[in-house]
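In: fold the following, please.
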Amino acid sequence: MTAASWPAPFAATPLDATVTIPASKSLTNRYLVLAALAAGPSRLRAPLQSRDSDLMVGALRALGSGIEEVPGTGSVPDLAVTPIPAGHAVHTAVDCGLAGTVMRFVPPIAALLRGAVAFDGDPAARVRPMAPVLAALRGLGVRVEGGTDGFMPFTVHGTGTVAGGHVAIDAGGSSQFISALLLAAARFEGGLHLEHTGTSVPSIDHISMTVKVLRSLGVRVDDSTPNHWIVEPGPIAAFDVQLEQDLSNAGPFLAAALATRGTVRIPHWPADTTQVGDKWRTILPQLGATVTLEDGVLTVTGGPQILGAELSDTSELAPSVAALCALASTPSRLRGIAHLRGHETDRLAALVAEINALGGDAVETEDGLIINPAPLHGGLFHSYEDHRMATAGAIIGLAVPGVEVENIATTAKTMPDFPHMWADMLAQTAAVGTAGRG
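Out: Below is the predicted model of the structure:
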């Protein structure tokens, strides 16, 4: 075992556990951005505490927003946010780390200020695409220094206002390009008419989330014409919101039920949500699981075997889905996920490399993966500094002895306590078994 690897726990018996998941990263960072632009002070209750959310807090503080931890009723502090003062002048730098929401959502805010804001991040972040956001800002009259290759680093030179108007981009590489512009658009003098010129937009659920959150804060958004979003100028209402748990991060724990032929329960599952992770309720039955949602508790029980399936547009859920497909008894095909090549790593290439290194049979297609049944064996599963790759390795390790995950600490991006939560899930099963024998 190398010093940086984590022995993935192997489950010798079916799981029987209840797991509570921290708050949604997608919602936490959207609400943080909107709180910084709002008409008055706001409060985020039980937000996510993770590297991505910490980076967003740091970025918005650097731009002039006041963000303070205050006691809450949950296990983590609430965040009290005062907006960036109108006409605020800055000369600062923003560390984006490897957070796509920071590197894409914050530059349009910087454009609304007076002064220069430099953006950079981790080495791996310098290969994450930024071109559509930078092109849109330039198209709206904002001066952007650097970034001509479509990547960080770059500097946004704001004049205190953005005129707004019509701008066209190809957002085929990430839905975040659209969300980034929509979140700030109400503060543009003329609002924004954003047009997507590509063939399709990946992760459309994340755009729907952005639109719903904006509307809940009084922003008028017209998305009635496909590939067009029109945001009227106006104030963003201050708010006090309880954050939903991260349903995408619930995925590895739900997948654990299938990998072990056991049962995992997630309480506080929202009945109505815009999170892409709600797709687990339709994905997992296709892989042979029984899924129920009663009284806010989502219960997943694995079948006698994991079934392969043809699935489309699994978005950020794809690494966990692929891990289950590698354990399946029949072939699987995942479509509509070509954009995963531009995430924290090229997730399609990484999944193929790591599944096959453990004896699997996975191949890339133009827009996804084909995974055929094959007997897996132990070995080192590389994470590529990608939290969802790390959790994919943990899922496989439940069913395959001897799997080690390289750099499990990368899960701190959205779930800092993942190794402890994973161990606790297995410990609950052991406790149930001990009680039964007593």
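In: quick one: the helices in the protein?
Out: Listed in chain order, the helices of the chain (DSSP state H) span residues 25-37, 51-62, 100-110, 131-139, 176-185, 204-216, 251-260, 280-286, 318-326, 347-357, 387-399, 418-437.
In: in stretch 324-340, what counts as buried?
Out: Neighbour counts over stretch 324-340 (16 or more other C-beta atoms under 10 Å) mark 324-328, 332-340 as buried. Every C-beta, even on glycine, is put in place using the N, C-alpha and C of the backbone.
In: before we move on, what about stretch 30-40?
Out: Buried positions in stretch 30-40, judged by neighbour count with 16+ other C-beta under 10 Å: 30, 31, 32, 33, 34, 35, 36, 37, 38.
In: ok, now which ones touch residue 152?
Out: Going by C-beta atoms under 8 Å, 6 or more residues apart in numbering, residue 152 touches 96, 103, 119, 120, 121, 125, 126, 128, 130.
In: burial measure for the last one, as a count.
Out: Each residue near residue 130 was counted by other C-beta atoms under 10 Å, and the total is 28.
In: try the second one
Out: Residues lying near residue 103 (other C-beta under 10 Å) number 29.
In: so how far is the first residue of stretch 94-112 from its last?
Out: Distance between the two ends of stretch 94-112: 15 Å, counting by C-alpha to C-alpha, to the nearest Å.
In: now find how far off-centre it is within its chain.
Out: Computed by C-alpha atoms, centre = their mean, to the nearest Å, the chain-centroid distance of stretch 94-112 equals 15 Å.
In: cool, and stretch 105-123?
Out: 21 Å.
In: residues touching the closest residue to residue 141 other than its chain neighbours, list them.
Out: Distances taken as C-beta to C-beta, 6 or more residues apart in numbering put residue 163 closest to residue 141, at 5.6 Å, once the chain neighbours are dropped. Shown in contact with residue 163 (C-beta under 8 Å, 6+ apart): 140, 141, 188, 189, 190.
In: thinking again about what came up before, reformat the helices of the chain as CSV; add distance to residue 370 and mean pLDDT.
Out: Shown next, in CSV, are the helices of the chain (distance: least, C-beta to C-beta, whole Å; pLDDT from 0 to 100):
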stretch, distance to residue 370, mean pLDDT
helix 25-37, 29, 97
helix 51-62, 31, 97
helix 100-110, 27, 97
helix 131-139, 29, 97
helix 176-185, 27, 97
helix 204-216, 24, 95
helix 251-260, 19, 98
helix 280-286, 16, 98
helix 318-326, 9, 98
helix 347-357, 10, 98
helix 387-399, 17, 97
helix 418-437, 29, 80
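In: for residue 223, find the nearest of these.
Out: Ranking these by proximity to residue 223 (C-beta to C-beta) places helix 204-216 first, at 5.8 Å.
In: CA atoms only: put the closest one into CSV for me.
Out: Output of helix 204-216 as CSV, limited to C-alpha atoms (Å, rounded to 0.1, in the frame of the first residue of the first chain):
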residue,chain,number,x,y,z
ILE,A,204,-29.9,20.9,-18.0
ASP,A,205,-31.2,20.1,-14.5
HIS,A,206,-28.5,22.4,-13.0
ILE,A,207,-29.8,25.3,-15.2
SER,A,208,-33.3,24.5,-14.1
MET,A,209,-32.0,24.8,-10.5
THR,A,210,-30.5,28.2,-11.2
VAL,A,211,-33.7,29.5,-12.8
LYS,A,212,-35.9,28.2,-9.9
VAL,A,213,-33.7,29.8,-7.3
LEU,A,214,-33.6,33.1,-9.2
ARG,A,215,-37.4,33.2,-9.5
SER,A,216,-37.8,32.4,-5.8
